[in-house]
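[1] Dropping the sequence and predicted coords here.
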Amino acid sequence: MKLYGAIASPYVARVVMFAELKGIELDMEPAPGGMGSAEYKAINPTGKIPALVTDRGECIAESTVICDYLEAAFPQPPVIPADAVLQAQTRMIARMTDLYVAPHNTPLNRMGPERDQALIDQQAALFAQGFHYIEAFMGPGPFAAGDSPSVGDCALGPFIVMLKQNIFANFAEVIDPTEGDGRIATWWQAVNAHAGCKKVLDHYDAELAKFLVWLRERMASRS
Ligand SMILES: N[C@@H](CCC(=O)N[C@@H](CS)C(=O)NCC(=O)O)C(=O)O
């Protein structure tokens, strides 16, 4: 089994965190030829990371589906809750992270040195709405669903780390939901108090910081 990707991607970090919770050691390699290359598309036609290639050679794409595959292929220890409602809740947090949080990052990252206040305000409102949805659908907790971390935590955790580095730090208009005493704040405390979650989030944090430095240097050398 091989995982193609790099931990600096929040989607790869999702799978790495889920594997950590299951006690699975993943053999990780960069995408051959790079993301989006013809060489990598021969393995994963979307060109995106992560992709998991099974021992039988099948390719499984999409981070949440890879987590589901790991749960089905290696049932012990269970990480997806058996309870149907908790299961739906943790999956909702993963889905809502992808649909209602992740997309709002890009327009702010693409903004040049001149601040476009209308765009900032629009994205801040969209982030607030996404976090409101997530808070409304989290389970009894303290994790995204119940009393242990699962796929929802693995999806939201890396995005929060990323937003802390490149959005909350640069745009005061976007409210960091881990501050204060809301449901996401208590969730964030639980995730950081969990050794397995914290290990992967800290690793992701460090690798993302390095990647962003590299990206900025590359963009500066091009302009
Ligand atoms: N929905 C996908 C998203 C994966 C994704 O967008 N990965 C980014 C890296 S963070 C990527 O591979 N981008 C390259 C591309 O789109 O060509 C998942 O959950 O796995």
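    Good, I have the coordinates.
[2] Can you give me the domain assignment for the protein?
    2-73, 84-222 (automatic domain parsing).
[3] For the ligand, which of those is the nearest?
    Among the domains of the chain, domain 2-73 comes nearest to the ligand, with 3.3 Å by CB to the nearest ligand atom. C-beta: built from backbone N, CA, C; applies to glycine.
[4] Mind giving me the packing neighbours of the longest helix seen in the chain?
    Ranked by residue count and defined by DSSP state H, the top helix of the chain is helix 195-222. Secondary-structure packing of helix 195-222 (3 or more CB pairs under 8 Å, 6 or more residues apart in numbering; DSSP states H and E): helix 10-22, helix 151-166, helix 183-193.
[5] How about residue 27: what's its closest non-neighbour residue?
    Closest residue to residue 27 apart from its sequence neighbours, by CB to CB, 6 or more residues apart in numbering: residue 2 at 5.2 Å.
[6] Residue 165 now?
    Residue 165 sits nearest to residue 208 (CB to CB, 6+ apart), 6.1 Å away.
[7] What is the burial count for residue 94?
    Neighbourhood size, residue 94 [other CB atoms under 10 Å]: 23.
[8] Over to residue 194?
    19.
[9] For it, give its distance to residue 159.
    For residue 194, the distance to residue 159 equals 17 Å [CB to CB, to the nearest Å].
[10] Same question for residue 130.
    10 Å.
[11] Spit out the residues that contact the two alike.
    Here residue 130 and residue 159 share the contacting residues residue 101, scored by CB atoms under 8 Å, 6 or more residues apart in numbering.
[12] mind listing what the closest residue in space to residue 196 that isn't next to it in sequence touches?
    Leaving out its chain neighbours, the residue that sits closest to residue 196 by CB to CB, 6+ apart is residue 20, at 4.8 Å. By CB under 8 Å, 6+ apart, the residues touching residue 20 are 196-197, 199-200.
[13] most surrounded residue in those?
    Of the contacts of residue 20, with other CB under 10 Å as the count, residue 200 tops at 24 neighbours.
[14] Name the residues of this structure found near the ligand, please.
    9, 11, 35-36, 47-50, 62-63 (CB under 6 Å from any ligand atom).
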